[in-house]
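# turn this into a model:
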Amino acid sequence: MHLLASLKQRLFRWKSDGTTPFQLTQRRIFIVPTGAGLIFAVTLVAMYTGAINYTLALGHALVFLLIGLGLIGMNHTFRNLFALWITPGRATPVFAGEIAYFPLTLRNDRKITRLGLELQVEGHPAVQTHVGAEDIRAVAIPLLTSRRGRISLPRVRLSTIYPLGLLHAWSYLQPDMSCVVYPKPITSPLPAEQSTALAGERYGEGGQEDFAGFRDRQPADSLRHVAWKANARDAGQRPLLVKQFSGGAEQELQLDWALTPEAADSETRLAILTGWVLAAEATGAGYGLRLPGHEIPLGRGDQQRARCLETLALFQP
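Prediction:
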């Protein structure tokens, strides 16, 4: 069993940094008759037997014509995959329970369109596509996620029965691709904010010194920041507005593992922290993340969000 698994790895897997292209050669393409192809072959045998038995010259001609048609179809089915280039991409992180998409780019250097291509991971829906002559086609392999962590793309079967449906050609692809799956967030109130002096620097909306305008209220915003007079003028026609300030002091949120319920299991605590990261980013406040053995300093923006969520996804209690 170990020898068979090792052989499959050598045959079907190629190492990639996420950008290295790979070309299908004749050593990696397999072809067998389909159900319709077997029926076609049995019918030809019966026709040939009848032609011999009754000495039918036209019967012989028809049988050999159909045999030639089958051989030409076999050649076209094989060439529909042969020399096709596949380039793996980079999967975008998702939350647990969502569908992860693994991008692959198919490149056709030939002057003939490749029709009827199908890519499928066992147990998941197939993706139908085609690649035009001297063209490039991007496809995404869907994979349903169930838990956080890093998942790898399983073996993908690229197959075709074009043009006659009598033969089935396929090749197994397994590029070295993975996707980070964030914990499924649980919505809960954010921990209390802390004011941090900024020594005269001005950081935009996080401070409490100079009025800088209004924005829509987020669930985590304190009621003392609501602009009641401005909201009264709108007569409830839009979401509540809160005041924004600049300079002075910045509000920071420390999203700490110790602030989550101690009675909850590890996955629940990580899900709560994930919800806090999303809520903190929505408020625009600076926030940091503290886990046992890991600490991410105060920050904000897409990079801070991605860094925190990836740490939560890959954290091992």
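# please count neighbours and contacts with C-alpha atoms only from this point.
Fine.
# so is I151 in a helix, a strand, or just coil?
State at I151, reduced to three classes by DSSP: H, G, I helix; E, B strand; the rest coil: strand.
# residues in a beta bridge with it, which ones?
C179 (DSSP bridges).
# that one and V180 touch, don't they?
Yes. Counting by C-alpha atoms under 8 Å, I151 does reach V180; the two are 6.5 Å apart.
# those two: who's more crowded?
Of the pair I151 and V180, V180 is the one with more neighbours under other C-alpha atoms under 10 Å, namely 21 against 15.
# ok, how many other residues are close to E252?
By other C-alpha under 10 Å, 22 other residues sit near E252.
# before we move on, what SS does it have?
When classified by three-state DSSP, E252 comes out as strand.
# quick one: contacts for the nearest residue to P93 once chain neighbours are set aside?
Distance criterion C-alpha to C-alpha, 6 or more residues apart in numbering; nearest residue to P93, sequence neighbours excluded, is V180 at 4.9 Å. V180 makes contact with 92-94, 148-151, 310, 313, according to C-alpha atoms under 8 Å, 6 or more residues apart in numbering.
# tell me the secondary structure for R147?
Three-state call for R147 (three-state DSSP): coil.
# residues touching the nearest residue to it once chain neighbours are set aside, list them.
Of all residues beyond its chain neighbours, the one nearest R147 is A96 (5.1 Å), with distances taken as C-alpha to C-alpha, 6+ apart. Shown in contact with A96 (C-alpha under 8 Å, 6+ apart): 145-148, 181-184.
# mark which of these are buried, thanks.
Buried subset of the contacts of A96 (neighbour count, 16 or more other C-alpha atoms under 10 Å): 145, 147-148, 181-184.
# okay if I get these as JSON lines plus pLDDT and distance to G116?
Shown next, in JSON lines, are those (pLDDT from 0 to 100; distance: C-alpha to C-alpha, whole Å):
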{"residue": "T145", "pLDDT": "95", "distance to G116": "28"}
{"residue": "R147", "pLDDT": "95", "distance to G116": "34"}
{"residue": "R148", "pLDDT": "96", "distance to G116": "35"}
{"residue": "V181", "pLDDT": "98", "distance to G116": "32"}
{"residue": "Y182", "pLDDT": "98", "distance to G116": "35"}
{"residue": "P183", "pLDDT": "97", "distance to G116": "37"}
{"residue": "K184", "pLDDT": "96", "distance to G116": "37"}
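# which one of the residues you listed is nearest to G165?
When the buried ones among the contacts of A96 are compared for distance to G165 (C-alpha to C-alpha), T145 wins out at 33.6 Å.
# which element is the residue sitting nearest the centre point of the chain on?
Centroid-nearest residue in the chain: Y101, 2.1 Å away (criterion: C-alpha atoms, centre = their mean). Element membership of Y101 [criterion: DSSP states H and E] is strand 99-107.
# contacts for that strand?
Here strand 99-107 has contacts from 84-94, 131, 134-145, 153, 177-179, using C-alpha under 8 Å, 6+ apart.
# repeat that for 6 Å
With contacts defined as C-alpha atoms under 6 Å, 6 or more residues apart in numbering, strand 99-107 is touched by 85-89, 91, 136-145.
# then stretch 292-310?
The contact list for stretch 292-310 (C-alpha under 6 Å, 6+ apart) reads 286-289.
# buried stuff in that stretch?
With burial defined by 16+ other C-alpha under 10 Å, the residues of stretch 292-310 counted as buried are 296, 299-300, 304-305, 308-310.
# with stretch 24-36 instead?
The neighbour-count check on stretch 24-36 (16+ other C-alpha under 10 Å) flags 24, 29, 31, 33 as buried.
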